[in-house]
Each structure stands twice: as C-alpha cells, then as structure tokens.
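Q: Pasted the sequence and its predicted model underneath.
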Amino acid sequence: MDNLNQFQFKCSSCDEIHVGIPSLGSKAPNYYFSIPEIELKERVFLTSDTCIIDKENFFIRGCLEFPVNGYSEIFSFGAWVSLSEENFKKYLDLIDKEIRDQEPPMFGWFSSWVWPYYEDTEDIKSRIHFRNHGIRPYIELEPTKHTLALAQTNGISAQDLIKIYEYYIHGKKE
C-alpha cells in the first residue's frame, strides 16, 4: 500500500469515510495554554507561525513529520519549538526568503504535546531545518527512546494515525 488514496478509514466519531493522510497540528505552544485567558491579550503575540510570550519566550511553528507504516505519504503535525531570542530573530530574517534550505539547522526545545504520546513531550531537544518556498521548517527530534522520537524515526501505524485524527478532529480519547 503506497498510494495516498489507499489510506482511508471510517471515523468512529462521525461515521464518515475519510480518504488521505491528514495534516493536523496545535494552534499554539504548550506554554500558551497555561496562561489565563484574561492575560493572553497583554502577554502573548501569536501568529500562525510565531509566538512570543512575555517578550522573552520565543516559539516558531514547524512540521513534525512521521512515516506512516505501509504508505509512501507522511503524516505532518504542526508543532511548536522554542528558540533563543537570537535564533528567533534569525528565523524572522529568513521567513520571507524563497531559498533557505542551505541555512544550518537551529537548536530548539520541542514545545507541543502530541496525543496519544503520553510521555511528557515538552522540552525534547530538537533541530529546526529550513525548507524553501515558504514551507514551514522540518522539526527533527533528538533520537532517543522517547515514544515520540521513536515514532518519528520508525513510523506510526495506520491505527495510531486514526486515533490521532479522531482525537484532534472530534476530541475522542479511545
């Protein structure tokens, strides 16, 4: 099975047949969700690609990609990584450049939670790889025995992808 159109499943939440490997993601870094709603407007600057909290915590959105076992297409999860202020400014300098894949990777700390990887996914060492033509950077997790890092290296099953989809689209936890 290596055709994107061959990946399909009947969603147990909505009973619809979904075709194709989805792309999902988190709207903000984990830290954002710990801030009381009443304080968000004064403490947070959030766009679809960047987040600054308290003018001292800097995050960018990238793509955490997983092979899906048995399929040629990958599953992409929009995730957040914290950067130093220096690297964040460098990222901003590069964001509008068409060709940027020759830039060296940047170090960052993974700052998203990817359900159903129950282990703490906050602060996994990561490398941010730039890509050309406005494509969000690729997030490479440090190779460790952490279940999320193993999933990025070894791939995820179609059943795990369905679980992730049903959680992020319908809020279903098993």
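A: All right, it came through fine.

Q: Surely residue 98 touches residue 131?
A: No - with contact defined as CB atoms under 8 Å, residue 98 does not count as touching residue 131 (10.8 Å). All C-beta atoms are positioned from the backbone trio N, CA, C, and that covers glycine.

Q: More neighbours: which of the two?
A: A direct count of neighbours by other CB atoms under 10 Å for residue 98 and residue 131 places residue 131 higher, at 15 against 7.

Q: my read: the more buried one touches residue 99, true?
A: No - between residue 131 and residue 99 there is no contact, the gap being 9.9 Å when judged by CB under 8 Å.

Q: give me the beta-bridge partners of residue 141?
A: residue 126 (DSSP bridges).

Q: Tally up the residues packed near the residue lying closest to residue 95 once chain neighbours are set aside, please.
A: Excluding the flanking residues, the one nearest residue 95 by CB to CB, 6 or more residues apart in numbering is residue 49, at 7.1 Å. Here the count is done by other CB under 10 Å, and residue 49 has 17 residues near it.

Q: how much space between residue 49 and residue 156?
A: Applying CB to CB, to the nearest Å, the value for residue 49 to residue 156 is 25 Å.

Q: can you check residue 92 too?
A: To residue 156, residue 92 is 32 Å away according to CB to CB.

Q: between those two, who's got more neighbours?
A: Legend: neighbour count by other CB under 10 Å for residue 92 and residue 156, higher for residue 156 (19 against 13).

Q: chain center to the longest helix seen in the chain: distance?
A: The single longest helix within the chain, with elements called by DSSP state H, is helix 158-170. Helix 158-170 has its C-alpha centroid displaced from the chain centroid by 15 Å (CA atoms, centre = their mean, to the nearest Å).

Q: Show me what counts as buried in it.
A: Within helix 158-170, the residues that count as buried by 16 or more other CB atoms under 10 Å are 158, 160-168.

Q: So what touches it?
A: Contact partners of helix 158-170, identified using CB atoms under 8 Å, 6 or more residues apart in numbering, comprise 7, 9, 11-14, 18, 21-22, 24, 68-71, 75, 77, 114-116, 151, 156, 172-174.

Q: In PyMOL, select just the buried ones from the residues you listed.
A: Filtering the contacts of helix 158-170 down to the buried ones (16+ other CB under 10 Å) takes a single PyMOL command:
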select buried, resi 7+18+21+22+24+68+71+75+77+114+151+156
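
Q: Cool, thanks, talk later.
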